[in-house]
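Q: Need the 3D shape of this:
(one chain, ligands or ions: 2)
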Amino acid sequence: MSRRIAVLISGSGTNLQALIDAQNTLDASIVQVFSNRKAAYGLTRAQNANIPTGYLALQPYLKANPGKTRDDYDEEVARRVSESKPDLIVLAGWMHVFGDGFLNNVHAVPVINLHPALPGAFDGTNAIERAYEAFQRGEIDRSGVMVHRVVKAVDRGEPLIIREIPFLEGDSLGDFETRLHSIEWEIIVQATKLVLDEEKKILVLS
Ligand SMILES: Nc1nc2c(c(=O)[nH]1)N[C@@H](CN(C=O)c1ccc(C(=O)N[C@@H](CCC(=O)O)C(=O)O)cc1)CN2
Ligand SMILES: NCC(=O)N[C@@H]1O[C@H](COP(=O)([O-])[O-])[C@@H](O)[C@H]1O
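A: Ligands and ions are numbered 1, 2, ... in the order given. Here you go, the predicted structure:
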């Protein structure tokens, strides 16, 4: 039985593309791609792959629904994502911090996130640039990427896959980013398989 994945994005969607390309090996189907940015190229990638898409941005939602809150927005995103009945929700460059409104309303479906840093190192946004600046200051000689379970505390969920990436002498930010992104495309698929297969075991045992 093909497992069902919902992918949330905010940008170019290169990690989404890695998942699109790996659907057969994952024995899974991406059943929805959802974005909070209308211009996210990841939406085009989904349309090119005949995958249903959804869009809802926070500020337009609040403007259109006076009195509603960020938590209401999170609940609405959870409702729309849940409509496609995913077995797994993957945040692949999703640039919005979820509160309880989302986490408590995805019906216990596991949520995982790709983050371009090592656990506890550079939480939040612009992690790659911040790590590179720390390298330039001589504070670190490596950074990395991880996929972790999503909990309310941002980027503090249980890591599922961690890959360290050393800085090389003479590395530009672009050089480092190129190596980092190619490793992201690997671990996003590996972590997705890991969680889908653990779900499968529970299914078999139940
Ligand atoms: N509750 C959680 N929500 C999210 C997590 C998480 O671990 N727990 N991971 C993030 C992904 N992420 C880092 O990996 C991240 C994305 C965005 C932000 C952030 O500060 N966003 C701002 C808006 C920034 C912008 O629009 O450019 C915000 O939400 O106000 C921090 C970390 C996804 N969600
Ligand atoms: N804090 C979350 C974060 O920074 N996520 C990062 O956004 C990029 C999305 O690229 P993509 O849109 O090409 O997949 C990836 O590098 C991912 O690690």
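Q: I'd like the distance between Lys193 and ligand 1.
A: Distance of Lys193 to ligand 1, given as C-beta to the nearest ligand atom, to the nearest Å: 20 Å. (Each C-beta comes from the backbone N, C-alpha and C, glycine too.)
Q: same deal with Ile20?
A: Using C-beta to the nearest ligand atom, one obtains 20 Å as the distance from Ile20 to ligand 1.
Q: next one: Glu177
A: 16 Å.
Q: That residue - that's part of a helix, no?
A: Yes: counting by DSSP: H, G, I helix; E, B strand; the rest coil, Glu177 is part of a helix.
Q: where does the residue nearest to it when sequence neighbours are not counted land on pLDDT?
A: Nearest residue to Glu177 in three dimensions, chain neighbours excluded: Ile128, at 5.8 Å (C-beta to C-beta, 6 or more residues apart in numbering). Looking at Ile128, its pLDDT is 98.
Q: okay but Ile128 is in contact with Ser143, surely?
A: Yes: at 7.5 Å, Ile128 counts as touching Ser143 under the criterion of C-beta atoms under 8 Å.
Q: show me what contacts the residue in the chain that ligand 2 sits nearest to?
A: Closest to ligand 2 within the chain is Gly93: 2.6 Å, counting by C-beta to the nearest ligand atom. Residues near Gly93 by C-beta atoms under 8 Å, 6 or more residues apart in numbering: 9-13, 15-16, 42, 114.
Q: what does the model give it for pLDDT?
A: For Gly93, the predicted pLDDT is 98.
Q: Am I right that it falls within a strand?
A: No: looking at Gly93 with three-state DSSP, it is coil, so not inside a strand.
Q: Next, give phi and psi for it.
A: Per-residue torsions, Gly93: phi 80, psi 30 (degrees, to the nearest 10).
Q: gap between the residue lying closest to Asp27 once chain neighbours are set aside and Pro66?
A: Excluding its sequence neighbours, the residue lying closest to Asp27 (C-beta to C-beta, 6+ apart) is Ser2, at 6.0 Å. Distance, Ser2 to Pro66, by C-beta to C-beta, to the nearest Å: 42 Å.
Q: How about His96?
A: Separation of His96 from Pro66 (C-beta to C-beta): 21 Å.
Q: and those two? which has more neighbours close in?
A: Ranked by neighbour count (other C-beta atoms under 10 Å), His96 and Pro66 place His96 first, with 18 against 6.
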